[in-house]
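Novice: please work out how this folds:
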Amino acid sequence: MAAADTPTVISRRAALSRMVRAVTSPYYRYRHAKVLHSLRVGLAMLVSILATTGIDIPHGIWSSVTLLVVIGGLQHHGNIRKKAAERAAGTLLGASIGLLLIVQQHFIGSLPLTYGLMAIIASICAWFAIGSSGYIGLLTAITMCIVAGHGDNLIDVGLWRTLNVLIGIVIALAFSFAFPLHATYSWRYGLAANLRECAGIYARLLDGETITEEEQIKRFLRINKRLVQLRSLMPSVAKEIDVPQSRLEEIQRLHRSVLSSLELLATGPLMNADAAARTAYAAHCGAEVRAVRAILLSTARGLRFGRPSRFGIPAAAPPAKGHGDVATALLPDWQGPYWLGQRLAEQVDRLRALLLETEPNWNIERHERATRGR
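Specialist: Got it, this is the predicted structure:
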């Protein structure tokens, strides 16, 4: 009998292990969120078809239609429960209204009245669709039309469609919880990417590396785009890690302040200085610039890998009285960038301290390791 651990078996096990690690890796799921969501919707559609048409339930197509409407866009873990409740409420309300419209059409028999009622209900749903309960209003109107048609469906057709709608909503909600993307990871990785870019820009200013205006605009546009995306994630992040949103707002404000200071530095005298001027500036401020860069990079690594020990690089000190002597030794044109650099160092240090303070909340990996160790 051949040995169990042949090279082929070992190779297959290693490949399977890599695949499992990749699928369960938060960073992999963050990078390939669209692919995973596409697979999730495709599998949900297959289950919907098998659960309705596969066992010959009439009007099974409406289960799949409901599934596609309800499963919606990519949802983060912190938002799933809220969206699930909204989806269920909108679907049940719409199905009930649709059945009532069929019943009144059966007893009264006036199509103009039915059309008028549907128009009024659609108007009410549209009113709520642009408010805080927008998802409920939208699904109510859609489900009403699925169940009632234009009010001329038979009662048994309405009941079958209601059943299919319920099947679709159950399948959609079940798959919504499969491999959810934590908003916390997206927030962390986006913030880490911005901090790394900031570190690179700051170091290049001191090194004298030429940056074209077009390239600089593109870099800051990319950073600011991420900044806006991070802002939209904050409500979900606050729910996932149980941190007041005001704390995340403070992190966001410091993040924005760092970008503003860096942009002012990048468009000031440092950008167009010659080699001799940069050398003189580096002699007075180079050590602090490198310290700020090190803090930015270590903070980015801590956010990316979930290892708070990487925050241990000493922080740049905030401006002190002794710094005035350094400023007076510089040419007048360089005193502005010097004090702006001091302000940037203070902002970076405060951002680092705030992230380190909230690390027990956003470090999901540590919670998972602690759970496995019990």
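Novice: all contacts plus neighbour counts: C-alpha atoms, from now on.
Specialist: Fine.
Novice: now do the helix or strand hosting residue 27, average pLDDT.
Specialist: Residue 27 is part of helix 26-31 when elements are defined by DSSP states H and E. The average pLDDT for helix 26-31 rounds to 75.
Novice: ok, then the element right after that helix?
Specialist: Past helix 26-31, the next helix or strand by DSSP H and E is helix 33-51.
Novice: where does pLDDT dip in the stretch 201-350 of the chain?
Specialist: Low-confidence segments of the stretch 201-350 of the chain, defined by pLDDT under 70, are located at 207-211, 268-286, 307-337.
Novice: once you drop chain neighbours, what's closest to residue 84?
Specialist: With CA to CA, 6 or more residues apart in numbering as the measure, residue 173 is the residue that lies nearest to residue 84, at 6.4 Å, once sequence neighbours are left out.
Novice: can you pull the pLDDT of that neighbour?
Specialist: Per-residue confidence at residue 173 stands at 80 (pLDDT).
Novice: with residue 97 instead?
Specialist: pLDDT recorded at residue 97 is 90.
Novice: residue 354 now?
Specialist: 90.
Novice: what's the distance between the closest residue to it other than its chain neighbours and residue 342?
Specialist: Closest residue to residue 354 in three dimensions, ignoring its sequence neighbours and counting by CA to CA, 6+ apart: residue 251, at 7.0 Å. Computed as CA to CA, to the nearest Å, the residue 251 to residue 342 distance reads 19 Å.
Novice: ok, now which ones touch the residue nearest to residue 354?
Specialist: Taking CA atoms under 8 Å, 6 or more residues apart in numbering, we find residue 251 in contact with 351, 354, 355.
Novice: now name the helix or strand holding the first one.
Specialist: Using DSSP H and E, residue 351 sits within helix 332-357.
Novice: packing partners of that helix?
Specialist: helix 245-266, helix 269-272, helix 275-305, helix 323-329 (3 or more CA pairs under 8 Å, 6 or more residues apart in numbering; DSSP states H and E).
Novice: what's the spacing between it and its chain's center?
Specialist: Here the centre of mass of C-alpha atoms in helix 332-357, compared against the chain's by CA atoms, centre = their mean, to the nearest Å, lies 28 Å away.
Novice: list the buried residues for that helix?
Specialist: By neighbour count on 16 or more other CA atoms under 10 Å, the buried set for helix 332-357 is 334-338, 340-352, 354-356.
Novice: return the set of buried residues in the helix holding residue 27.
Specialist: Residues 26, 27, 29, 30 are the ones in helix 26-31 that count as buried (16+ other CA under 10 Å).
Novice: so how many other residues sit close to the residue lying closest to the second one once chain neighbours are set aside?
Specialist: Which is residue 27. If you skip the residues right next to it in sequence, residue 27 has residue 185 as its closest partner in space, 7.5 Å away by CA to CA, 6+ apart. Using other CA atoms under 10 Å, the number of residues around residue 185 comes to 22.
Novice: pretty sure residue 185 contacts residue 30?
Specialist: Yes. The criterion here is CA atoms under 8 Å, and residue 185 meets it with residue 30 at 7.2 Å.
Novice: mind checking how far residue 254 is from residue 349?
Specialist: Using CA to CA, we find residue 254 at a distance of 10 Å from residue 349.
Novice: typo on my end, residue 142
Specialist: From residue 142 to residue 349 the distance is 51 Å (CA to CA).
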